[in-house]
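1. I'll drop the sequence and a predicted model, then ask my questions.
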Amino acid sequence: MSTATSTKADADAAAFADHTPITVTLKILRFNPEVDSEAHWETYEVPAQRTDRLLNLLFYVKDYLDGTFSFRRSCAHGVCGSDAMQINGVNRLACKVLMKDLLEKDGKQTTITIAPIKGLVTLKDLYVDMDPFFEAFRAVKPYLITYGNEPSRERIQSQADRDRFDDTTKCILCACCTSSCPVYWNDGSYFGPAAIVNAHRFIFDSRDEAAEERLDILNDSEGVWRCRTTFNCTDACPRGIQVTKAIQEVKRALLFKRV
């Protein structure tokens, strides 16, 4: 183990061993369509441990301070992608963000700003309308398509063929990448990075036979050519998917007519 890695591991161990109670200020963008004409900020003082995930603090607000507070959550383990939100201006999953990584140094008071992801209509508080996002996802036919008779045995695939699209199988449809894209903010008709990533997963699957269909879909004016390669999507992905790279590979497949 390198010195740098060892030092970080020691710091993490110390942080988890420190159970000193702390108080954190959550500054949350609230919006209730039944009573509000526009969104507004509200602050909450919340007790926390350094080992807490931000999702724990949101539950505290919901359970003990304001039962009307709304946000999505499900598995709480970074798999379902439900709790995507802007945390200090960056798209992240609340269940994957540890308090120790957000606390101010030298014991200064920590304020964390939380807002809904951008580019999708806010229905209430951190709860956004995901329908346009999933419409784009469904439009690229994100499932295996084959023609002819069903094979009498499983479809064999080499490890090299599987590795070709391995990265894009990791998508959990959290919308962090799509809602971090400036093009998507300005024009919601753009397919968006997540839809392209899920098209990539099947375009480059050697068992699939509908690559040309998906490429034709993405060759539309609202398809891959709208991407401006800002890398926001790659930076935002909580699964570490090389989103921009996947989009560029789809562009090359269109340019050279070769998968």
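-> Everything's here; your move.

2. separation between the most centrally placed residue in the chain and residue 43?
-> For the chain, the residue whose C-alpha lies nearest the mean C-alpha position (C-alpha atoms, centre = their mean) is residue 176; its distance is 2.9 Å. From residue 176 across to residue 43, the span is 25 Å (C-beta to C-beta, to the nearest Å). Yep, even glycine has a C-beta here, placed from its N, CA and C like the rest.

3. same check, this time on residue 72
-> Taking C-beta to C-beta, one finds residue 72 at 22 Å from residue 43.

4. and the two? which has more neighbours close in?
-> Looking at residue 72 and residue 43 with other C-beta atoms under 10 Å, you find the greater number of neighbours at residue 72, namely 18 against 11.

5. confidence score at the more buried one?
-> Looking at residue 72, its pLDDT is 96.

6. wait, isn't it in contact with residue 83?
-> Yes - the pair residue 72 and residue 83 passes the contact test of C-beta atoms under 8 Å, sitting 5.8 Å apart.

7. How many residues are close by residue 204?
-> Neighbour count of residue 204, defined by other C-beta under 10 Å: 19.

8. Chain neighbours aside, what residue packs nearest to it?
-> Take residue 204 and drop its neighbours on the chain: the residue closest to it by C-beta to C-beta, 6 or more residues apart in numbering is residue 165, 4.3 Å away.

9. The stretch 101-250 of the chain: strands as residue ranges?
-> 110-115, 122-124, 127-128 (DSSP state E, counting those that start in this stretch).

10. Same list (these) but as a markdown table, adding mean pLDDT.
-> Formatted as a markdown table, the entries for those read as follows, by pLDDT from 0 to 100:
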| stretch | mean pLDDT |
| --- | --- |
| strand 110-115 | 97 |
| strand 122-124 | 97 |
| strand 127-128 | 96 |
